[in-house]
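Peer 1: Return atomic coordinates for the entry below.
(one chain, ligands or ions: 1)
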Amino acid sequence: MNKKANNEFPMNSLSEQRWSPRSFKNQKVEKEKLQSIFEAARWSASAYNGQPWRFLVGFQGDKTYNLIYETLVEFNQQWAGKAPVLILNCYQIHFTHNGALNLTAEYDLGQAVANYSLEAINQGLYSHQMTGFDSLKAESFFGLGEEVKVFSVTALGYLGDADDLTEDFKKMETSERKRINQSAFLLNKF
Ligand SMILES: Cc1cc2nc3c(=O)[nH]c(=O)nc-3n(C[C@H](O)[C@H](O)[C@H](O)COP(=O)(O)O)c2cc1C
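Peer 2: Prediction:
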């Protein structure tokens, strides 16, 4: 399945190739590849260089994976359990340097996830972010305490075959990717 962006203007090839599949191959992800993926997160920009992103990584078959999987809504459970890696994307709510509330922590986490998603492509891997899950359940399962909040889950792995999905998911997997035009989000003309 190739769902490369149908971009109107030239852009970098990682952004062209990234998309969010629901079918993953039954193939483990190498530790070195994960290290590169989190290195891209590590070098993300963040307010005051606060680096509030925190990640919990589950590998298919281990306890962390099973607990992350358990927090997913049924829709996501139907496909995400085939992904070899599930990542719980979290953030620290206060700055480490001065203890002040970090109002950009979620924004910074989002950038880190965006960056690791592109590095995943660079490593030949695909990611699929989800907010269809119970974040409070996740926080209690992992005893994250008051300081760390959970924002989203990412399924990660090698791209699978759309034919391995149920009919409904196969339709979604093979459907055309659509975007609004730049004129719809650029609030001024240039
Ligand atoms: C914050 C966020 C939450 C999402 N939640 C879900 C989800 O719960 N389930 C799902 O199947 N896809 C989820 N998605 C995937 C989006 O539907 C997908 O990114 C969007 O349709 C664009 O498709 P593309 O990533 O293939 O370009 C989520 C994506 C983001 C960024």
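
Peer 1: Hmm, A162 is touching M1, no?
Peer 2: Yes - the pair A162 / M1 is scored as a contact, 5.0 Å apart, by Cβ atoms under 8 Å. Yep, even glycine has a C-beta here, placed from its N, CA and C like the rest.

Peer 1: list residues touching both of these two?
Peer 2: 23, 173-174 (Cβ atoms under 8 Å, 6 or more residues apart in numbering).

Peer 1: Would you list the buried entries among those residues?
Peer 2: Buried members of those, scored by 16 or more other Cβ atoms under 10 Å, are 23, 173.

Peer 1: Mark which of the shared contacts of A162 and M1 are part of helices, please.
Peer 2: Among the shared contacts of A162 and M1, DSSP state H puts 173-174 in helices.

Peer 1: Which member of the shared contacts of A162 and M1 is positioned nearest the ligand?
Peer 2: Of all the shared contacts of A162 and M1, the ligand sits closest to E173, with 9.7 Å by Cβ to the nearest ligand atom.

Peer 1: touching the ligand at all, the helix or strand containing L156?
Peer 2: Using DSSP states H and E, the element containing L156 is strand 148-157. Yes - Strand 148-157 reaches the ligand (Cβ under 6 Å from any ligand atom) through S152.

Peer 1: Against which helices or strands is that strand packed?
Peer 2: helix 74-80, strand 85-92, helix 105-122, strand 126-130, helix 135-141 (3 or more Cβ pairs under 8 Å, 6 or more residues apart in numbering; DSSP states H and E).

Peer 1: Say whether the ligand is contacted by the fourth one.
Peer 2: Yes - taking Cβ under 6 Å from any ligand atom as the criterion, strand 126-130 and the ligand are in contact, through 129-130.

Peer 1: Give the partner strands of that strand in its sheet and their orientations.
Peer 2: strand 148-157 (antiparallel) (DSSP bridges).

Peer 1: Could you give the average pLDDT over the partner strand?
Peer 2: Averaged over strand 148-157, pLDDT sits at 98.
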